[in-house]
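S.K.: Sequence and predicted structure, then a few things I'm wondering about:
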Amino acid sequence: MLTIRKAQDRGHANHGWLDSHHTFSFADYHDPRHMGFRGLRVINDDTVAPAGGFGTHGHRDMEIVSYVLSGALEHKDSMGTGAVIKPGDVQRMSAGTGVRHSEYNASRTEPVHFLQIWILPAKQGIAPGYEQKAFTDAEKRGRLRLVASSDGREGSVQIHADADVYATLLGAGERVSHAVRAGRGAWVHVARGAARVNGVALTAGDGASLDEAGELALEGTADAEILVFDLT
(Lines give C-alpha, C1' and ligand atoms only; values in the text may rest on other atoms or scores of the structure.)
Protein backbone atom coordinates (compact mmCIF):
# COMPACT_ATOMS: atom_id res chain seq x y z
CA MET A 1 0.00 0.00 0.00
CA LEU A 2 1.23 3.49 -0.89
CA THR A 3 1.83 5.86 2.04
CA ILE A 4 1.79 9.60 1.28
CA ARG A 5 3.93 12.29 2.93
CA LYS A 6 2.58 15.72 1.92
CA ALA A 7 4.95 18.64 1.47
CA GLN A 8 3.09 20.86 3.92
CA ASP A 9 3.44 18.25 6.67
CA ARG A 10 7.25 18.28 6.56
CA GLY A 11 9.42 20.00 9.11
CA HIS A 12 10.42 23.56 8.21
CA ALA A 13 13.17 25.92 9.30
CA ASN A 14 13.91 29.36 7.87
CA HIS A 15 17.25 30.79 8.97
CA GLY A 16 17.19 33.72 6.55
CA TRP A 17 20.13 32.51 4.48
CA LEU A 18 18.62 28.99 4.43
CA ASP A 19 15.02 27.90 3.86
CA SER A 20 14.84 24.15 4.55
CA HIS A 21 12.03 21.58 4.49
CA HIS A 22 12.70 18.25 6.21
CA THR A 23 10.96 15.12 4.97
CA PHE A 24 12.32 13.27 8.01
CA SER A 25 13.40 14.34 11.51
CA PHE A 26 16.44 16.59 11.33
CA ALA A 27 18.15 19.11 13.63
CA ASP A 28 15.46 20.82 15.76
CA TYR A 29 12.62 19.09 13.92
CA HIS A 30 11.77 15.79 15.58
CA ASP A 31 8.81 13.57 14.78
CA PRO A 32 9.09 9.94 15.94
CA ARG A 33 6.69 8.93 13.16
CA HIS A 34 9.10 10.23 10.52
CA MET A 35 12.64 9.18 11.38
CA GLY A 36 13.48 7.93 7.90
CA PHE A 37 12.49 5.15 5.55
CA ARG A 38 14.57 1.96 5.66
CA GLY A 39 18.14 3.14 4.93
CA LEU A 40 17.01 6.59 3.79
CA ARG A 41 17.58 8.95 6.72
CA VAL A 42 17.36 12.52 5.36
CA ILE A 43 15.77 14.40 2.47
CA ASN A 44 16.24 18.11 3.07
CA ASP A 45 14.77 20.43 0.44
CA ASP A 46 17.14 23.40 0.80
CA THR A 47 17.19 26.85 -0.75
CA VAL A 48 20.30 28.88 0.09
CA ALA A 49 20.35 32.65 -0.40
CA PRO A 50 22.99 34.28 -2.63
CA ALA A 51 26.45 34.09 -1.02
CA GLY A 52 25.01 32.10 1.91
CA GLY A 53 25.99 28.63 2.93
CA PHE A 54 26.96 25.99 5.44
CA GLY A 55 30.27 26.74 7.14
CA THR A 56 32.83 24.01 7.72
CA HIS A 57 31.36 21.20 9.80
CA GLY A 58 31.88 17.47 10.27
CA HIS A 59 30.10 14.20 9.51
CA ARG A 60 30.79 10.52 10.21
CA ASP A 61 29.39 7.22 8.91
CA MET A 62 26.87 8.57 6.42
CA GLU A 63 26.47 8.50 2.64
CA ILE A 64 25.58 12.06 1.65
CA VAL A 65 24.13 12.78 -1.80
CA SER A 66 23.51 16.29 -3.13
CA TYR A 67 21.17 16.86 -6.08
CA VAL A 68 21.01 20.43 -7.41
CA LEU A 69 17.73 21.62 -8.95
CA SER A 70 18.72 25.21 -9.78
CA GLY A 71 21.68 27.47 -9.18
CA ALA A 72 25.16 26.28 -8.24
CA LEU A 73 26.59 24.87 -5.00
CA GLU A 74 30.27 25.27 -4.14
CA HIS A 75 31.81 22.39 -2.18
CA LYS A 76 35.09 22.16 -0.25
CA ASP A 77 36.20 19.38 2.10
CA SER A 78 39.02 18.08 4.24
CA MET A 79 39.93 15.51 1.57
CA GLY A 80 41.11 18.39 -0.62
CA THR A 81 38.10 18.33 -2.92
CA GLY A 82 36.83 21.57 -4.40
CA ALA A 83 33.93 21.51 -6.82
CA VAL A 84 30.87 23.38 -8.05
CA ILE A 85 27.69 21.31 -8.32
CA LYS A 86 25.15 22.39 -10.94
CA PRO A 87 21.76 21.09 -12.14
CA GLY A 88 22.24 17.61 -13.57
CA ASP A 89 25.18 16.88 -11.26
CA VAL A 90 24.98 14.26 -8.53
CA GLN A 91 27.53 14.51 -5.72
CA ARG A 92 28.32 11.65 -3.34
CA MET A 93 30.37 12.17 -0.22
CA SER A 94 31.10 9.19 2.00
CA ALA A 95 31.73 10.58 5.47
CA GLY A 96 33.10 7.29 6.80
CA THR A 97 35.63 7.72 9.61
CA GLY A 98 35.14 11.47 9.47
CA VAL A 99 35.17 14.37 7.03
CA ARG A 100 34.77 18.12 7.32
CA HIS A 101 33.22 20.16 4.54
CA SER A 102 31.48 23.39 3.60
CA GLU A 103 28.73 24.09 1.05
CA TYR A 104 28.12 27.62 -0.22
CA ASN A 105 25.96 29.20 -2.85
CA ALA A 106 28.39 29.85 -5.70
CA SER A 107 26.38 32.93 -6.80
CA ARG A 108 26.10 36.35 -5.17
CA THR A 109 22.89 37.13 -7.07
CA GLU A 110 20.84 33.93 -7.44
CA PRO A 111 19.63 31.36 -4.86
CA VAL A 112 20.62 27.69 -5.10
CA HIS A 113 17.94 25.03 -4.64
CA PHE A 114 19.11 21.51 -3.91
CA LEU A 115 18.22 18.26 -2.16
CA GLN A 116 20.50 17.07 0.64
CA ILE A 117 20.08 13.30 1.01
CA TRP A 118 21.56 11.05 3.70
CA ILE A 119 21.61 7.26 3.38
CA LEU A 120 22.88 4.95 6.12
CA PRO A 121 26.02 3.07 5.02
CA ALA A 122 26.13 -0.72 4.93
CA LYS A 123 29.29 -0.63 7.07
CA GLN A 124 30.73 1.93 9.45
CA GLY A 125 34.32 3.08 9.60
CA ILE A 126 35.08 3.17 5.87
CA ALA A 127 37.55 5.63 4.39
CA PRO A 128 36.00 8.97 3.40
CA GLY A 129 35.44 9.48 -0.32
CA TYR A 130 34.01 11.83 -2.92
CA GLU A 131 32.49 11.41 -6.36
CA GLN A 132 30.57 13.70 -8.72
CA LYS A 133 28.97 12.94 -12.08
CA ALA A 134 26.73 14.82 -14.51
CA PHE A 135 23.52 13.39 -15.99
CA THR A 136 21.90 15.18 -18.91
CA ASP A 137 18.19 15.94 -19.16
CA ALA A 138 18.06 13.67 -22.20
CA GLU A 139 19.25 10.73 -20.07
CA LYS A 140 16.38 11.28 -17.61
CA ARG A 141 13.63 12.32 -20.00
CA GLY A 142 10.79 9.78 -19.95
CA ARG A 143 12.86 7.11 -18.19
CA LEU A 144 14.26 6.25 -14.78
CA ARG A 145 17.98 7.00 -14.95
CA LEU A 146 20.09 5.29 -12.29
CA VAL A 147 22.20 8.04 -10.70
CA ALA A 148 23.50 6.29 -7.54
CA SER A 149 23.96 2.63 -6.65
CA SER A 150 25.98 0.28 -4.48
CA ASP A 151 28.07 -0.94 -7.42
CA GLY A 152 28.29 2.15 -9.65
CA ARG A 153 26.65 0.35 -12.54
CA GLU A 154 25.39 2.18 -15.62
CA GLY A 155 27.69 5.07 -14.87
CA SER A 156 26.02 5.99 -11.57
CA VAL A 157 27.91 7.33 -8.57
CA GLN A 158 28.79 4.56 -6.13
CA ILE A 159 27.39 4.70 -2.61
CA HIS A 160 28.34 2.38 0.24
CA ALA A 161 24.76 1.28 0.88
CA ASP A 162 22.29 -1.23 -0.55
CA ALA A 163 20.30 1.45 -2.31
CA ASP A 164 19.53 2.47 -5.89
CA VAL A 165 18.60 6.08 -6.64
CA TYR A 166 16.85 6.97 -9.89
CA ALA A 167 15.97 10.34 -11.41
CA THR A 168 13.39 11.06 -14.08
CA LEU A 169 11.96 14.02 -15.98
CA LEU A 170 8.35 13.56 -17.05
CA GLY A 171 6.11 15.77 -19.13
CA ALA A 172 2.33 15.66 -18.90
CA GLY A 173 1.16 12.18 -19.86
CA GLU A 174 4.63 10.60 -19.82
CA ARG A 175 4.84 7.39 -17.79
CA VAL A 176 7.54 5.24 -16.22
CA SER A 177 7.32 2.27 -13.86
CA HIS A 178 9.57 0.55 -11.35
CA ALA A 179 9.23 -2.94 -9.87
CA VAL A 180 10.07 -3.21 -6.16
CA ARG A 181 11.39 -6.67 -5.36
CA ALA A 182 10.58 -8.76 -2.29
CA GLY A 183 12.43 -7.59 0.82
CA ARG A 184 12.86 -4.04 -0.48
CA GLY A 185 10.90 -0.81 -0.37
CA ALA A 186 10.78 2.40 -2.37
CA TRP A 187 10.44 6.09 -1.60
CA VAL A 188 9.35 8.59 -4.26
CA HIS A 189 10.17 12.29 -3.91
CA VAL A 190 8.63 14.83 -6.28
CA ALA A 191 11.34 17.46 -6.53
CA ARG A 192 9.28 19.80 -8.70
CA GLY A 193 6.21 19.80 -10.89
CA ALA A 194 3.32 17.38 -10.50
CA ALA A 195 2.71 13.69 -11.10
CA ARG A 196 0.56 10.72 -10.19
CA VAL A 197 2.14 7.81 -8.33
CA ASN A 198 -0.03 4.69 -8.56
CA GLY A 199 -2.89 7.03 -9.41
CA VAL A 200 -2.35 9.38 -6.44
CA ALA A 201 -1.80 13.05 -7.34
CA LEU A 202 1.41 14.54 -5.90
CA THR A 203 3.05 17.94 -6.27
CA ALA A 204 6.47 19.43 -5.51
CA GLY A 205 7.81 18.38 -2.10
CA ASP A 206 5.41 15.46 -1.71
CA GLY A 207 6.71 11.98 -1.00
CA ALA A 208 5.26 8.49 -1.24
CA SER A 209 6.50 5.13 0.00
CA LEU A 210 5.86 1.51 -0.90
CA ASP A 211 7.12 -0.72 1.90
CA GLU A 212 6.58 -4.05 0.14
CA ALA A 213 7.07 -5.74 -3.21
CA GLY A 214 4.99 -4.23 -5.96
CA GLU A 215 4.88 -1.86 -8.89
CA LEU A 216 5.38 1.89 -8.84
CA ALA A 217 3.67 3.66 -11.75
CA LEU A 218 4.67 7.31 -12.26
CA GLU A 219 2.83 9.62 -14.64
CA GLY A 220 3.60 13.29 -15.19
CA THR A 221 0.62 15.64 -14.93
CA ALA A 222 2.84 18.69 -15.55
CA ASP A 223 6.57 18.91 -16.17
CA ALA A 224 8.02 17.02 -13.20
CA GLU A 225 11.40 16.00 -11.79
CA ILE A 226 11.21 12.96 -9.53
CA LEU A 227 13.64 10.84 -7.51
CA VAL A 228 12.98 7.18 -6.68
CA PHE A 229 14.89 5.40 -3.92
CA ASP A 230 14.92 1.58 -3.89
CA LEU A 231 16.29 0.34 -0.56
CA THR A 232 16.63 -2.61 1.77
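M.R.: Received it, and whenever you're ready, just let me know what you need.
S.K.: Could you list the low-confidence segments of the chain?
M.R.: The chain contains no residues with pLDDT under 70.
S.K.: Look up phi and psi at the most centrally placed residue in the chain.
M.R.: With distances taken as Cα atoms, centre = their mean, residue 117 lies nearest the centre of the chain, 4.3 Å away. The phi/psi pair for residue 117 (degrees, to the nearest 10) reads phi -120, psi 130.
S.K.: Against residue 26, how distant is it?
M.R.: 11 Å (Cβ to Cβ, to the nearest Å). The way it works is simple: take the backbone N, C-alpha and C, and place the C-beta from them, glycine included.
S.K.: shared neighbours, the two?
M.R.: 42, 44 (Cβ atoms under 8 Å, 6 or more residues apart in numbering).
S.K.: ok, which stretches of the protein are helices?
M.R.: 137-140 (DSSP state H).
S.K.: can you list the domains in it?
M.R.: 11-134, 137-231 (automatic domain parsing).
S.K.: how long is the shortest one end to end?
M.R.: The first and last residues of domain 137-231 sit 24 Å apart, counting by Cα to Cα, to the nearest Å.
S.K.: can you check stretch 35-55 too?
M.R.: 25 Å.
S.K.: What are the buried residues along that stretch?
M.R.: 36-49, 52-54 (16 or more other Cβ atoms under 10 Å).
S.K.: do stretch 214-232 as well
M.R.: 214, 216, 218-221, 224-231.
S.K.: follow-up on the earlier one: now do the same contact list for the residue nearest to the centre of the chain.
M.R.: Counting by Cβ under 8 Å, 6+ apart, residue 117 has contacts 40, 42-44, 64-67, 165.
S.K.: Kindly report the same for residue 118.
M.R.: Neighbours of residue 118 in contact, by Cβ under 8 Å, 6+ apart: 40-42, 62-65.
S.K.: For it, which non-adjacent residue is closest in space?
M.R.: residue 42 (3.6 Å; Cβ to Cβ, 6 or more residues apart in numbering).
S.K.: What's the local residue count around residue 114?
M.R.: Number of residues near residue 114 (other Cβ atoms under 10 Å) recorded here: 26.
S.K.: Now do the contacts for it.
M.R.: So residue 114 contacts 46, 48, 66-69, 71, 73, 85 (Cβ under 8 Å, 6+ apart).
S.K.: I'd like to know how many residues surround residue 134.
M.R.: 11.
S.K.: I'd guessed it sits against residue 87; true?
M.R.: No - using Cβ atoms under 8 Å, residue 134 makes no contact with residue 87, being 9.3 Å away.
S.K.: what's residue 195 in contact with, if anything?
M.R.: So residue 195 contacts 170, 201-202, 218-222, 224, 226 (Cβ under 8 Å, 6+ apart).
S.K.: Closest to residue 179 out of the residues you listed?
M.R.: Using Cβ to Cβ, residue 218 is the member of those that lies nearest residue 179, at 12.5 Å.
S.K.: Double-check that closest one against residue 188; I have them as touching.
M.R.: Yes - using Cβ under 8 Å, residue 218 is in contact with residue 188, at 7.1 Å.
S.K.: Contact partners for the residue nearest to residue 153 when sequence neighbours are not counted?
M.R.: If the residues on either side of it in the chain are set aside, residue 153 comes closest to residue 146, at 6.9 Å by Cβ to Cβ, 6+ apart. When contacts are counted by Cβ under 8 Å, 6+ apart, residue 146 touches 153-154, 156, 164-166.
S.K.: top of those residues by neighbour count?
M.R.: residue 165 (28 neighbours).
S.K.: Report how many residues lie close to residue 65.
M.R.: For residue 65, using other Cβ under 10 Å, the count is 25.
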